[in-house]
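Undergrad: Okay, sequence plus prediction incoming.
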Amino acid sequence: MPFLLYTKILLEMQFALKPIQECLINPYIRTLLPAFKLNQIDKYKFKEHRDMHLKAWSLLLEFLEINNYPIDNIKKMHCNQYGKPYIDGIYFSISYSKPYILVAISKEEIGADIEVVNELYLTDIKPFLHPDELEIVDKSTTTEKLYNIWVKKEAVLKLLGTGFQRIPSEINVLQKNIAIDKEVIVLQSISSDSNLIAYIARYTY
């Protein structure tokens, strides 16, 4: 899988899709992240998981530095009522699926999600699917089709900033233009590998 770095797509959006083993932890990352974010990372039981998150934030930091973003603003990171983090002046989204990390930044709100295709059964995600989605997967329940629907849905939920506090079954990701709360959302696939499903969601204006 090629490493796609600083690829500009869809207006001023950029993304990096990189194997975790190739990512490095910035030696200053713990001095740059706010205390609440470090506390969240340190709660992971296994060092592998803690390092994965530190590598992702280090990759985001690399993005910001290249774009001449004032790094000190990371300390001022805050979250909405659902826990989605924000940094003043730029929007970003991070996703993990072993062995990859996806980081995206934009001048506009975005949501990104990635999944490596493994085993996934309809029963696992059926409660989260829209009736139109259920009709499609009942006819053709290939693993790739299930993952495409699931990753699209997660990207939209990340864009909305609600996570699963929003009822996922109300969102139909089969539509080309997804209308939610008087906004229109579009999805962009950023992976050409059938074993790696990745989407970025954004609003259209």
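TA: Sure thing, it's come through.
Undergrad: so what's Gln165 up against?
TA: Gln165 makes contacts with Tyr82, as judged by Cβ atoms under 8 Å, 6 or more residues apart in numbering. Bear in mind the C-beta positions are built from the backbone N, C-alpha and C, glycine included.
Undergrad: Got the phi and psi for it?
TA: phi -70, psi -30 (degrees, to the nearest 10).
Undergrad: do you know how far it is from Leu187?
TA: As judged by Cβ to Cβ, to the nearest Å, Gln165 and Leu187 stand 20 Å apart.
Undergrad: ok, now Ile74?
TA: Ile74 is 28 Å from Leu187, by Cβ to Cβ.
Undergrad: When the two are compared, which one has more neighbours?
TA: Ranked by neighbour count (other Cβ atoms under 10 Å), Ile74 and Leu187 place Leu187 first, with 23 against 20.
Undergrad: residue ranges with poor pLDDT in this protein?
TA: 1-12, 139-141 (pLDDT under 70).
Undergrad: May I ask you to name the longest strand in it?
TA: For the chain, the strand that runs over the most residues, judged by DSSP state E, is strand 196-204.
Undergrad: residue contacts, the closest residue to Ile87 other than its chain neighbours?
TA: Once flanking residues are discounted, Ile87 sits nearest to Met77: 5.3 Å by Cβ to Cβ, 6 or more residues apart in numbering. Listed by Cβ under 8 Å, 6+ apart, the contact set of Met77 reads 33-34, 37, 85-87.
Undergrad: show me where the protein has helices.
TA: Under the criterion DSSP state H, helices of the chain are mapped to 29-32, 35-42, 47-66, 122-125, 131-139, 143-160.
Undergrad: what about the closest residue in space to Ala112 that isn't next to it in sequence, neighbour count?
TA: Once flanking residues are discounted, Ala112 sits nearest to Ser93: 3.9 Å by Cβ to Cβ, 6+ apart. Ser93: 26 surrounding residues under other Cβ under 10 Å.
Undergrad: Just list the residues touching Ser93, thanks.
TA: So Ser93 contacts 103-104, 110-112, 158-159, 200 (Cβ under 8 Å, 6+ apart).
Undergrad: which of those residues sit farthest apart?
TA: Spanning the widest gap among the contacts of Ser93 are Val103 and Leu159, at 15.2 Å by Cβ to Cβ.
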